[in-house]
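In: Sequence first, predicted model second:
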Amino acid sequence: MADDKNPRETLWELVKEIRFAMITHRHPDGTLRACPMTMANKEGMDEHVHFYFLINKQHDLAQCVGNDAQIQISFADPEEDSYVSVSSSAHLSEDRALKEKLWSTQAQAWFPGGVEDPDLAVLVAPVSSAEYWNVKENQLVQLFKMAKAAVTGEPPKGMGEHKTVQV
């Protein structure tokens, strides 16, 4: 990943291939709960501004967002040593054009009625802030740096890129 990209572009580069996210939300009983969701964004959409998820309106997450819009979206790609955490104030959308734009053959399994399925909504998650960790060194270099740190007592340096993106 090129260092000359702006942090928002880097954020998208890190998550676009992951597709699966854990979304944490506050349940009405006050507890935090998380559930896996498939990101519906497609290349060329406003990926630098919003994340989209096709969701069943009866799903616990959809019900909870109606009461407390604050969610946290977590992406992880352990093979690439990249991790992303996105904060959002989400809402549900019934916009048919948006549903059509996001529709995929995989969605058919969850929504047999297609874009007209009465339970289908779009969870729209505008990115308010995000953090990402992107380790660029291979694991052998990382192990060497950690071993050196253990011997010297100094924290390892240069273990990758960590940035916060504010929108």
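Out: Structure's in. What do you need? Numbering: from 1, shown residues only.

In: mind listing what's buried in the strand or helix carrying Leu54?
Out: Remark: Leu54 resides in strand 50-56, with elements defined by DSSP states H and E. Using 16 or more other C-beta atoms under 10 Å as the test for burial, strand 50-56 gives 50-55. For glycine as for every other residue, the C-beta is placed from the backbone atoms N, C-alpha and C.

In: Packing partners of that strand?
Out: strand 20-26, strand 32-38, helix 60-67, helix 96-102, helix 105-110, strand 120-134 (3 or more C-beta pairs under 8 Å, 6 or more residues apart in numbering; DSSP states H and E).

In: Kindly present those as JSON lines, with separate columns for mean neighbour count and distance to Ser87.
Out: Output for the helices and strands packed on strand 50-56, formatted as JSON lines (neighbours: other C-beta atoms under 10 Å; distance: least, C-beta to C-beta, whole Å):
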{"stretch": "strand 20-26", "mean neighbour count": "19", "distance to Ser87": "10"}
{"stretch": "strand 32-38", "mean neighbour count": "13", "distance to Ser87": "13"}
{"stretch": "helix 60-67", "mean neighbour count": "17", "distance to Ser87": "14"}
{"stretch": "helix 96-102", "mean neighbour count": "15", "distance to Ser87": "22"}
{"stretch": "helix 105-110", "mean neighbour count": "12", "distance to Ser87": "26"}
{"stretch": "strand 120-134", "mean neighbour count": "20", "distance to Ser87": "5"}
